[in-house]
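**Q** here is my input; please provide its structure:
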Amino acid sequence: MNRHMTRYKEWLEKEGEKEGLKIKVIFVKDGYKAEARAGGEMRISESLFCPPFEEKERNAVGIHELAHLKFNHPTEKRNKELQRGLFALLIAIPLIIFWSMVFRLLDIKNLILILMVVFESCAFLVILCVSQPSLYYSRIREIEADLYAKKRGFGKALASYIKKYEELKGKSLTRRVKNWLWSTHPDSDKRIRYLEDC
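**A** Now for the predicted structure:
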């Protein structure tokens, strides 16, 4: 751990204390981002300490993640995931029973065909019913953390970080479609606009 990382860790822990939080900062070799987890753990990518990222942008990312801990988002997320898992079972079990009855009535005995149809129909409906409300919830929490960072004076720095992150990840059509369907974060261009807006 270099001196910049040590100083950053100490700074974040002090910021956490101001909010009445005891946080544990862990540096990881994963991408260009950070993640707050239940129990006060904050994972920060070591890549944020390399160009093109600057200190003000690292600080903005840290404050954004601190907001997640302040508002208890990681614990809420874990509880929501448990609820969604139970909900998925409630959807899947009736579907399996339904298809079993259909195949029995039609006297279809091809086990592979039965399993394929049952699996695909269950998977599609479970993903449709469970994932989109989950993503909406996650995006709302990201906006809340963004607004906290902006209130603390880190809006423009966070917007700058998002711009650089998007440049590093690329803006292919495939990635745009994937983000639109499955991203846990709001659209990056919209985030940048409201973070830069005074």
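**Q** make sure G62 is indeed in a strand.
**A** No - secondary structure assignment (DSSP: H, G, I helix; E, B strand; the rest coil) places G62 in helix, not in a strand.
**Q** which ones are touching it?
**A** Contact analysis of G62 by CB atoms under 8 Å, 6 or more residues apart in numbering lists 8, 11-12, 15, 34, 42, 44. (C-beta placed from N, C-alpha, C; glycine too.)
**Q** for it, give its distance to S188.
**A** Taking CB to CB, to the nearest Å as the measure, G62 falls 19 Å from S188.
**Q** which of the contacts of G62 fall in helices?
**A** The helices, defined by DSSP state H, take in 8, 11-12, 15 from the contacts of G62.
**Q** can you give me the helices for the chain?
**A** Using DSSP H, helices in the chain cover 3-18, 55-70, 73-106, 111-151, 155-169, 173-182, 188-196.
**Q** worst average pLDDT in those helices?
**A** Mean pLDDT is lowest for helix 73-106 among the helices of the chain, at a mean of 62.
**Q** among the contacts of G62, name the buried ones.
**A** Buried members of those, counted by 16 or more other CB atoms under 10 Å: 8, 12, 15, 34, 42, 44.
**Q** any chance of those residues in TSV, plus distance to D197?
**A** Formatted as TSV, the buried ones among the contacts of G62 follow (distance: CB to CB, whole Å):
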residue	distance to D197
Y8	27
L12	26
E15	24
A34	23
M42	27
I44	27
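**Q** which of the contacts of G62 lies closest to K70?
**A** E15 (9.9 Å; CB to CB).
**Q** distance of the closest one relative to F53?
**A** For E15, the distance to F53 - CB to CB - is 18 Å.
**Q** E142 too?
**A** 19 Å.
**Q** burial measure for the closest residue to K33 other than its chain neighbours, as a count.
**A** Residue nearest to K33 in three dimensions, not counting chain neighbours: S45, with 5.7 Å by CB to CB, 6 or more residues apart in numbering. Using other CB atoms under 10 Å, S45 has 19 other residues around it.
**Q** wait, S45 sits on I26?
**A** No - under the criterion of CB atoms under 8 Å, S45 is not in contact with I26, lying 10.4 Å apart.
**Q** quick one: contacts for V28?
**A** Applying CB under 8 Å, 6+ apart, the residues near V28 are 43-46.
**Q** list just the nearest of those residues to P74.
**A** Distances from P74 to the contacts of V28, taken by CB to CB, are shortest for R43, at 11.0 Å.
**Q** who does that closest one bridge with?
**A** I26, E35 (DSSP bridges).
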